[in-house]
Structures are given as structure tokens and as C-alpha cells.
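1. Quick one, structure for this:
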Amino acid sequence: MKDTTLVIMAAGIGSRFGGGIKQLAPVGPGGEIIIDYSIYDAIQAGFNKVVFIIRKDLEGDFKEIIGNRIEKIVKVEYAFQELDDLPAGFTRPEGRTKPWGTGQAVLSVKGLVDGPFLVINADDYYGKKAFKEIHDYLVQEMDEDASIYDLCMAGFMLTNTLSENGGVTRGICSVNEQGHLTKVTETKNIVKTAEGAAVQAEDGSLTAVQAHCPVSMNMWGFTPEIFGILEKGFAEFLGALKDQTKGEYLIPTVVDQLIQTDVCNVTVLESRDKWFGVTYKEDKPLVVRSFRELIDAGVYKERLFD
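-> Numbering: from 1, shown residues only. Model prediction:
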């Protein structure tokens with residue numbers, strides 16, 4: 001069996017959570033955080049290593065709240081996403097405080113991962129099915145010798161991924177009859193409406209989107225081949241960057257470029273599970289209640305790792 005790694009992106013500054021570190025907010029009855037449940041599901045699916053992507057200034061809190069516990073259960077390593085970690089010839093722009101995005105985050109694990117790996121967000125609950133399906137694809141179906149880069153992603157139904165408390169960012173996907181991704185568009189401020197879903201502009205106007213369309217939740221199955229692609233692309237991104245303080249290098253944008261230039265083939269593994277996460281602090285009571293319901297239904301133990 002191939003070694004497979006779960007890579008968890010936890011370096012985000014939690015801006016929409018009102019200043020707290022949203023990835024570390026307890027949501028389970030034993031003080032578990034969302035990451036605990038993702039790791040539990042991943043280990044059950046067959047993943048045998050975890051890499052946390054964090055900021056150096058979060059290291060102490062992160063290890064105290066989760067890292068030290070998880071190290072007793074599975075092999076753990078840390079990667080650090082830093083604003084100054086840039087390709088040769090580039091320096092951090094004055095006034096830049098926002099992380100460089102998910103593309104730079106994944107690039108930070110280069111050297112720590114040497115086989116197939118799954119990337120997820122730290123503050124999203126994905127459900128068991130997606131972990132199992134991606135793990136099985138990585139070890140049984142992914143063709144590392146294919147003429148074009150073979151990768152996969154979990155596709156969730158948009159209506160199952162919306163927050164009751166504000167807009168969310170999702171990668172809206174187009175999928176062909178073969179189940180392959182043909183386009184992914186990173187779309188910000190998607191809100192729940194009476195009719196389903198819409199993109200809300202800064203002036204408050206709404207543009208309806210198909211509520212049952214597949215979306216990416218940053219749950220991607222990669223091989224180490226992606227690191228060379230990301231390195232080259234990050235330098236190109238920085239060289240063309242207009243908004244020096246806010247522009248982000250994002251995985252969905254990178255993948256879409258690869259698709260459009262016939263560099264990769266992305267198999268979409270559909271999940272009907274309902275997402276939940278702490279995008280806003282007002283989301284937390286629903287997340288706590290949702291985990292309580294899963295525990296009562298026997299999906300998880302009262303104390304997850306006991």
C-alpha cells in the first residue's frame with residue numbers, strides 16, 4: 001500500500017471569524033476542533049501521515065491545542081507559510097499582511113511529501129465519504145505515468161456548502177460526462193437566497209447561480225509533481241501581480257489553467273455530504289450542534305480519540 005499524506009492548510013488568519021483563530025475553535029464535546037474530525041476520517045480512510053501548514057507565530061498555540069495530541073496517533077510534520085517565503089528576485093511588498101493564498105500554502109510542503117497527498121482546509125468539515133474516495137483514487141486509480149498530470153478533487157453540491165451567516169468563496173465547477181473537470185472558477189461572496197444561491201456584488205446586487213452545481217472546497221488529490229508546477233506559476237503570478245497587498249495565488253486558478261492548457265486531467269469524485277464550517281463566528285453554534293447530531297447517530301465517539 002502506498003504511503004499517503006493528509007495536508008491541512010491552517011495558516012489563514014481567520015479574518016471573517018472576527019479576529020479569533022477560527023481553525024482552533026472547539027466544536028466537539030471533548031474540546032475537539034474541526035481538524036480533529038478531519039484527521040480521524042482521514043486515518044480511517046487509510047492516510048498515514050499529517051502535515052500541518054501553519055504560520056510560525058501560531059506554532060506554540062497550534063501544538064498545544066492539537067499538534068501534540070495528534071503526534072501520538074499518526075506521524076506529524078509542520079510546514080510554515082510565510083509572507084517572506086518568495087521565489088528568488090521577489091520581496092514582500094510594503095503593506096502586505098495577507099497570506100499569499102492556497103497555491104503558496106501547498107508549495108510550502110515541498111520536501112515533506114514524497115507520495116500522493118490530499119489537501120484540505122482546516123476549518124471545513126467534509127464528511128467521511130470524500131476522504132475514503134480520494135484515498136482510494138490516490139492508491140488504486142491515479143496514473144502517475146500518464147502523459148498528462150492525473151489528479152482528483154472532491155466535488156460538493158453548492159447548496160450543501162452555504163453559510164447562513166454571510167457569503168462564502170467556492171470554486172464553481174463544470175464537469176463533463178466522463179466525470180472530469182473542464183473548468184473551475186474561484187467565486188467570492190456566494191450567499192444563500194430564497195431561490196437557492198447568488199453571488200452578491202459590493203453594491204448588494206445579486207446574480208443567481210445554479211444551487212445544485214458542483215463546487216470545489218479545496219479538497220484536492222495531488223502527487224509531488226505539483227510542486228514544480230506551483231513554483232513556476234508562483235513566480236509568474238508575482239511578476240504579473242497588480243494588487244500588491246491583496247492578490248492571492250489560488251489552487252483552483254492554477255488547476256483551471258492546467259486544464260485549459262491540457263496539462264492535467266482532474267477526476268471529480270462527487271460527495272453529497274453536507275458541509276459545515278466556521279466561516280463566521282455565528283456559524284459556530286450550528287457546527288457544535290451538527291457534531292452533536294453525528295455523535296448521537298453513532299458516526300463519531302463522544303471523545304474522538306479515546
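
2. burial of E94, as a residue count?
-> 7 (other C-beta atoms under 10 Å). To be clear about C-beta, it is placed using only N, CA and C from the backbone, and glycine gets the same treatment.

3. now swap in the one 3 residues further on and tell me
-> The criterion is other C-beta under 10 Å. On that basis, T97 has 9 neighbouring residues.

4. can you pull out the helices in the chain?
-> Applying DSSP state H to the chain gives helices spanning 34-45, 59-62, 68-70, 102-107, 128-136, 225-240, 251-260, 284-296.

5. Please identify the deepest-packed of these.
-> Most buried of these, by mean neighbour count (mean count of other C-beta atoms under 10 Å): helix 102-107, with a mean of 25.

6. Setting aside sequence neighbours, what's the nearest residue to S108?
-> Distance criterion C-beta to C-beta, 6 or more residues apart in numbering; nearest residue to S108, sequence neighbours excluded, is A79 at 4.2 Å.

7. One more: K188?
-> In space, K188 comes closest to T169 once its chain neighbours are excluded; the distance is 4.7 Å by C-beta to C-beta, 6+ apart.

8. ok so, going back, contact partners for the residue nearest to S108?
-> Going by C-beta atoms under 8 Å, 6 or more residues apart in numbering, A79 touches 51-54, 108-109, 112.

9. out of these, who has the most neighbours?
-> When neighbours are counted by other C-beta under 10 Å, F52 leads those with 27 neighbours.

10. The helices of the chain: which one's closest to R272?
-> R272 sits nearest to helix 128-136 of all those, at 7.8 Å, using C-beta to C-beta.

11. Tell me which other helices or strands that closest one touches.
-> helix 34-45, strand 117-121, strand 149-157, strand 214-222, strand 264-271 (3 or more C-beta pairs under 8 Å, 6 or more residues apart in numbering; DSSP states H and E).

12. Which pLDDT value belongs to S38?
-> Per-residue pLDDT puts S38 at 97.

13. Does it touch D123 like I think?
-> No. S38 lies out of contact with D123 (C-beta atoms under 8 Å); the separation is 9.8 Å.

14. Rebuild the helices and strands packed on helix 128-136 as a markdown table, extending it with distance to E177.
-> Output for those, formatted as a markdown table (distance: least, C-beta to C-beta, whole Å):
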| stretch | distance to E177 |
| --- | --- |
| helix 34-45 | 27 |
| strand 117-121 | 26 |
| strand 149-157 | 14 |
| strand 214-222 | 13 |
| strand 264-271 | 12 |
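
15. So which of the ones you listed is nearest T279?
-> Nearest of these to T279, taken as C-beta to C-beta: strand 117-121 at 10.2 Å.

16. Give me the contacts around the closest one.
-> 4-9, 12, 38, 42, 47, 51, 102, 106, 109, 126, 131, 134-135, 138, 217-224, 251, 277.

17. before we move on, back to that, if we only consider the contacts of A79, which is nearest to H180?
-> Distance to H180, by C-beta to C-beta, is smallest for V109 among the contacts of A79, at 25.6 Å.
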